[in-house]
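> Sequence first, then the predicted structure:
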Amino acid sequence: MNTPPWRIVFIGTPSFALPALKSLLEAPDKLVGVVTQPDRKKGRGRKAVISPVKELALQHGLNPLQPEQAKEESFRNALKDLQPDLIVVAAYGQILPKSVLDIPRYGAVNVHASLLPKYRGAAPISWAILKGEKVTGVTTMAMDEGMDTGDILLQSEVTIAEEDTCQTLHDRLASLGARLLIETLDKMKKGHIQPLPQDPSKATYAPALKKEDGHIDWKKEAGEIDRQVRAFNPWPGAFTRLDDRLLRIYRGAVRERPVTGKTGTVVWVGSDFIEVEAGRDAYVIKEVQLEGRRIMSIREFLPGHLIPVGAVFH
């Protein structure tokens, strides 16, 4: 027996949500509405910028709802008018109240970029890299009022490669999340999913990143610094200072070598790298960006910027 198409409302904001939204646009269910964060003013000109989800929705003739707060009565009423069978959420940026979650017949499904209960919160991809995880993945869960605390529906794993940045891992997880979402919806309709409660004793957290978190402490091991650089690429960028210059680092590698205790000191400069002593081993810088300039390889950067052996990053 075929299940009638569900009326679905999609809620999401950044680029991570796009593959999931695209999959719903192509699915047999009826996408009756899209919700995203309000337009935000950005840059020096303070120009209003629309979210990636809004941009895609408009391309498909869907005018999204953009409440400042999901608890607004006007938003709840607009959502009720859409008569959804299900809400699908991917990286929205707000916690949905019970009054919203109770609207659809079959509740709400969230696509989260970690293997819950690990890395609940806003930045699970970056934190998985920062903590040196070898494996991460995507979870679909039945939403409740908590922050990523709902019952697990399905999970799928991916390996974190040694060269993965937040961006490369983000892209793989976003695509995986879209596929897992469609599988989840199919199994929900057939009654083939047994929701699994999370074990709160195993929960870890992934709070939003702040720009200042990107400051490199050269007393750390080079391996930790490498994970920080990869986890903060592309945003907000790991950074260090040389004199009064702020230098963001986007790519590098660990080089084993004995240390002298002079952490942050440039110990070797090649044609395409700058080697800096860390608390253990050295970190080899390969790609950088000065404030207000484009990202450059060290081969491009060095001819216009003298950085001698013995210079100290701080």
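Cool, got the structure.
> Surely Val100 is in contact with Ala70?
Yes - the pair Val100 and Ala70 qualifies as a contact (Cβ atoms under 8 Å) at a distance of 5.8 Å. Using the backbone N, CA and C atoms, a C-beta is placed for each residue, glycine as well.
> Look at these two and report which has more neighbours.
Val100 (25 against 21; other Cβ atoms under 10 Å).
> other SSEs contacting the lowest-mean-pLDDT helix or strand in the chain?
Here the helix or strand of the chain ranked lowest by mean pLDDT, DSSP states H and E is strand 40-42, holding a mean of 87. When contacts are defined as 3 or more Cβ pairs under 8 Å, 6 or more residues apart in numbering; DSSP states H and E, strand 40-42 packs onto strand 47-49.
> sorry, back to before: how far is the least confident helix or strand of the chain from where the chain is centred?
Its chain's C-alpha centre and that of strand 40-42 lie 19 Å apart, by Cα atoms, centre = their mean, to the nearest Å.
> can you offset everything so residue one is 22?
Sure thing, new numbering starts at 22, so read that last one as strand 61-63.
> Show me the contact partners of that strand.
Applying Cβ atoms under 8 Å, 6 or more residues apart in numbering, the contact partners of strand 61-63 are Lys68, Ala69, Val70.
> among those residues, who's most crowded?
With neighbours taken as other Cβ under 10 Å, the top of the contacts of strand 61-63 is Val70, carrying 13 neighbours.
> Low-confidence stretches in the chain?
Along the chain, the model assigns pLDDT under 70 to residues 22.
> so what's Thr189 up against?
Neighbour list for Thr189: Ala182 [criterion: Cβ under 8 Å, 6+ apart].
> Could you do the one 4 residues further on as well?
Neighbour list for Arg193: Val179 [criterion: Cβ under 8 Å, 6+ apart].
> That one looks like it's in a strand, true?
No - under DSSP: H, G, I helix; E, B strand; the rest coil, Arg193 sits outside any strand and is assigned helix.
> Return the distance of it relative to Phe37.
Remark: distance between Arg193 and Phe37 (Cβ to Cβ, to the nearest Å) = 11 Å.
> now do Val179
Applying Cβ to Cβ, one obtains 14 Å for the distance of Val179 from Phe37.
> Same check on Ala149?
Counting by Cβ to Cβ, the separation of Ala149 from Phe37 is 14 Å.
> just Glu47 next, same as before
Distance from Glu47 to Phe37, by Cβ to Cβ: 18 Å.
> same question, Asp234
Going from Asp234 to Phe37 by Cβ to Cβ gives 20 Å.
> Of the two, which one has the most company?
With neighbours defined as other Cβ under 10 Å, Asp234 and Phe37 compare such that Phe37 has more, 20 against 16.
> what's the burial count for Glu245?
Applying other Cβ under 10 Å, I find that Glu245 has 19 neighbouring residues.
> Then it would be within a helix, right?
Yes - membership of Glu245 in a helix is supported by three-state DSSP.
> Now do the contacts for it.
No contacts exist for Glu245 under Cβ under 8 Å, 6+ apart.
> next one: Leu267
Going by Cβ under 8 Å, 6+ apart, Leu267 touches Phe260, Thr261, Leu311, Glu312.
> Apply 6 Å and report the result again.
For Leu267, the contact set (Cβ atoms under 6 Å, 6 or more residues apart in numbering) comprises Phe260, Glu312.
> Now name the helix or strand holding it.
strand 266-276 (DSSP states H and E).
> Quickly run through the sheet partners of that strand, with directions.
In the sheet, strand 266-276 lines up against strand 259-263 (antiparallel), strand 303-311 (antiparallel) (DSSP bridges).
> so what strands line up beside the least confident helix or strand of the chain?
strand 68-70 (antiparallel).
> next structured bit after the partner strand?
That would be, after strand 68-70 and using DSSP H and E, helix 73-80.
> by contact count, what packs against that next one?
helix 39-47 (3 or more Cβ pairs under 6 Å, 6 or more residues apart in numbering; DSSP states H and E).
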